[in-house]
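Colleague: sequence plus predicted model, see below.
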Amino acid sequence: MTVTRYVAAIDQGTTSSRCIVFDHSGRIVSVSQKEHEQIFPRAGWVEHDPAEIWSNVREVVGAAIGKADIPKDSIAAVGITNQRETTVVWERATGKPIYNAIVWQDTRTEELCREIAGSQGPDLYRERTGLPLSTYFSGPKIRWILDEVDGARERAERGELCFGTMDTWVLWNATGGPDGGVHVTDVTNASRTLLMDLTTLEWDEAICADIGVPIAMLPEIRSSSEVYGSARPKRGLDGVPIAGILGDQQAATFGQACLSPGEAKNTYGTGNFLLLNTGTSPVQSENGLLTTVCYRLGSADPVYALEGSIAVTGSLVQWLRDNLGLISSAAEVESLARSVDDNGGVYFVPAFSGLFAPRWRPDARGVIAGLTRFHNKGHIARAALEATAYQTREVLEAARADSGVDLTTLKVDGGMVSNELLMQFQADMLDVPVIRPVVSETTALGAAYAAGLAVGFWDDVEDIRSNWAQDKAWQPSMDARKRARLYADWNKAVERTYGWV
C-alpha cells in the first residue's frame, strides 16, 4: 500500500511560532500556532525569550502532526522559515542563551551604527552586502550583546558561544542542541546580517572585524534547499530530515512562485516586505531598497532580489488594539474603518522605530496628522490601514526605478490580506490589480517547497508554478486625480515625522 506523504514547515515569526503540514498540491492539511511574549525593556528595545520560542516550536510541531492525524513517518521533510535579523547568542556547551533574542525591530544599536559608519556613512558596506548600516540587521546586535554581557567577547573568540538568527536557533535545537546540534544558516538569512559578501556568499572577515563579531561564533552558510540534518528524538519530528531554510520574506516569494526576474510579491504581516526577483545577478539599489539573496537551490546559482522593508503595518493594528483599546481584536479594524466614508484628511505615519525603505530615517517617529474635532476613531482606523498601502507604493516606486520593470500585478500574502478594504485601497493606490492566492500562508509554503525539493517530494520548480492558484483579485477603480491628491498629502504627513530624535 502506498503511504501518502506530506511536508511540514516551521514558521517562527515575530509574534508567534507555527507548524503547518502541506500535501503535494501545496494545500494546508493542518496548522498549530502559539504566540510568545513581546518584551519591551525600554523605548525602542524589543526582545524575545529564545527558550520560550523553542518550547513553543516543539509544542506546535506535535500539535500540527496530531491535528493532521497522520503518522510521523509520513512526513517526508521539514522546512524552517523565520523572522529574519532577530539575533540570539547562546552557549555551545549548554544551549543556554546569554541574553534575550534582540528582535529585528529593535533600535538600541543606533549610536553603535553611527560609530561604525564614521565619516563614510551608512553605505559603508552596501556594495559588498547590499545593505545600509542600520539597527535593522544582525551584526550590530551581536556586537551589542558581546559588549554588554560580561565575558561574552572572550568566550565568543574561544568558540564557546554560537550566534544564530531564529532559523539557526531552531535547527540547532531540533538536531540535538548541545548534543551534536547542526550550527548552520542559509544564504537568505546570512544575507541579512551585514556580515556576508553577496557575491562570494561567505562571511566577510574584514566586515566582521570592523563590526566586532568573531568568526568563530558564526554558523556555516549553506543553500536554502538541502538536507542539513535530521530531527533528534523528543524534538517532535523524530528522524525527519530538515531540508529547507528560507528567511520569511524570501520564503513567501518562493511560495508565491515569483521564480522569474520581474516577478514580485508583498507580504502583509507585522511589517510589510516587498521582494522583486532580479535573477542571478545582484542589483544595487539607488533608491533606498535592499539587495538580498532571494533563494539558492542546492548547488544552483543563487537568485537575488530587491527588497523594500516597511517596519510597521500589521503591528499598527495590534497597537490600536493593545495600546489604545480602539478594537478588541485585529479583525475588528476593517469594520471600524468602514464606519466612515474616507479618511477625512487624517494620515497616520507609524514611524515607531524610524522609517525603513525607501527613506531610511531612524530619526523619524510616528505622527497622526490632520486631526480636527470632526474626527473619530473610525478615521484613525482607516488612516492606519491606508498607511500600509501608501508605504507599499513608496517601495514599489523605488523598485521600479532600480529595476526598470513596470509592475503589472502585485501578488499579496500574509495576515492582512483578508482585509478587503485594505486590498481594494492598495489596488487603487498602485493602479494595478492586487492578487491573493488560494493558499495565503505562502511563507510556510515556501519553506515546505524548499525542503520538499531537496528530498524529491517535488520534482522541480515547475511543480511550484503549477500549484499556485488565484483566489481573488482587486481591480483599481480610483480616479487618478484623487489618487494623486491622497498620495501628495501622505508625503506631506511623512515629512512631519523627521527629526524627532
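Modeller: Arrived safely.

Colleague: need the helices for the stretch 151-300 of the chain, in chain order.
Modeller: Under the criterion DSSP state H, counting those that start in this stretch, the stretch 151-300 of the chain carries helices at the ranges 152-157, 166-174, 187-190, 205-211, 248-255.

Colleague: ranking those by burial, who's on top?
Modeller: Mean neighbours per residue, mean count of other C-beta atoms under 10 Å, is largest over those for helix 248-255, with a mean of 32. Using the backbone N, CA and C atoms, a C-beta is placed for each residue, glycine as well.

Colleague: pretty sure Gly239 is touching Ser230, no?
Modeller: Yes - in this structure Gly239 lies within contact range of Ser230 using C-beta atoms under 8 Å: 5.4 Å.

Colleague: which of those two has more neighbours?
Modeller: Between Gly239 and Ser230, counted using other C-beta atoms under 10 Å, the more crowded position is Ser230 (19 against 12).

Colleague: could you measure from that one over to Val187?
Modeller: As defined by C-beta to C-beta, to the nearest Å, Ser230 lies at a distance of 22 Å from Val187.

Colleague: what packs against the helix ranked longest in the chain?
Modeller: Taking residue count as the measure and DSSP state H as the definition, the longest helix of the chain comes out as helix 377-403. If you count contacts as 3 or more C-beta pairs under 8 Å, 6 or more residues apart in numbering; DSSP states H and E, helix 377-403 packs onto strand 264-268, strand 272-279, strand 303-310, helix 314-322, helix 332-338, strand 347-349, helix 420-430, helix 480-495.

Colleague: buried stuff in the following helix or strand past that helix?
Modeller: Downstream of helix 377-403, the next assigned helix or strand under DSSP states H and E is strand 410-413. If you call a residue buried by 16 or more other C-beta atoms under 10 Å, then strand 410-413 has these buried ones: Leu410, Lys411, Val412, Asp413.

Colleague: quick revisit: and the angle for the longest helix of the chain with helix 420-430?
Modeller: The directions of helix 377-403 and helix 420-430 differ by 40 degrees, with axes from the mean of the first three to the mean of the last three C-alpha atoms, to 10 degrees as the criterion.

Colleague: mean confidence score for helix 377-403?
Modeller: For helix 377-403, mean pLDDT rounds to 92.

Colleague: could the helices of the stretch 151-300 of the chain be laid out in CSV, adding distance to Asn343?
Modeller: Written out in CSV, the entries for these read as follows (distance: least, C-beta to C-beta, whole Å):
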stretch, distance to Asn343
helix 152-157, 48
helix 166-174, 36
helix 187-190, 36
helix 205-211, 42
helix 248-255, 28
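
Colleague: near Met61, how many other residues are there?
Modeller: Wrong residue type there; residue 61 is Val, not Met. Applying the criterion other C-beta under 10 Å, we find 27 residues in the vicinity of Val61.

Colleague: go on, Gly288?
Modeller: Residues near Gly288, counting by other C-beta under 10 Å, number 18.

Colleague: please tell me the pLDDT value assigned to it.
Modeller: In this prediction, Gly288 carries a pLDDT score of 83.

Colleague: just give the closest residue to it, not the sequence neighbours.
Modeller: Pro358 (3.0 Å; C-beta to C-beta, 6 or more residues apart in numbering).

Colleague: can you verify my assumption that the one you found contacts Leu289?
Modeller: Yes - with contact taken as C-beta under 8 Å, Pro358 and Leu289 are classed as touching, separated by 6.1 Å.

Colleague: need the residues touching each of these two.
Modeller: Both Pro358 and Leu289 are in contact with Gly308, Val395, Ala398, where contact means C-beta atoms under 8 Å, 6 or more residues apart in numbering.

Colleague: now those as a markdown table including neighbour count and distance to Asn82?
Modeller: Putting those into a markdown table (neighbours: other C-beta atoms under 10 Å; distance: C-beta to C-beta, whole Å) gives the following:
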| residue | neighbour count | distance to Asn82 |
| --- | --- | --- |
| Gly308 | 28 | 20 |
| Val395 | 27 | 22 |
| Ala398 | 22 | 25 |
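
Colleague: quick one: which of those residues is nearest Leu171?
Modeller: Nearest to Leu171 out of the shared contacts of Pro358 and Leu289 is Gly308 (C-beta to C-beta; 28.0 Å).

Colleague: hang on, the earlier thing: so which of the shared contacts of Pro358 and Leu289 is the closest to Glu37?
Modeller: Distance from Glu37 was checked for each of those by C-beta to C-beta. The minimum falls on Gly308, at 29.1 Å.
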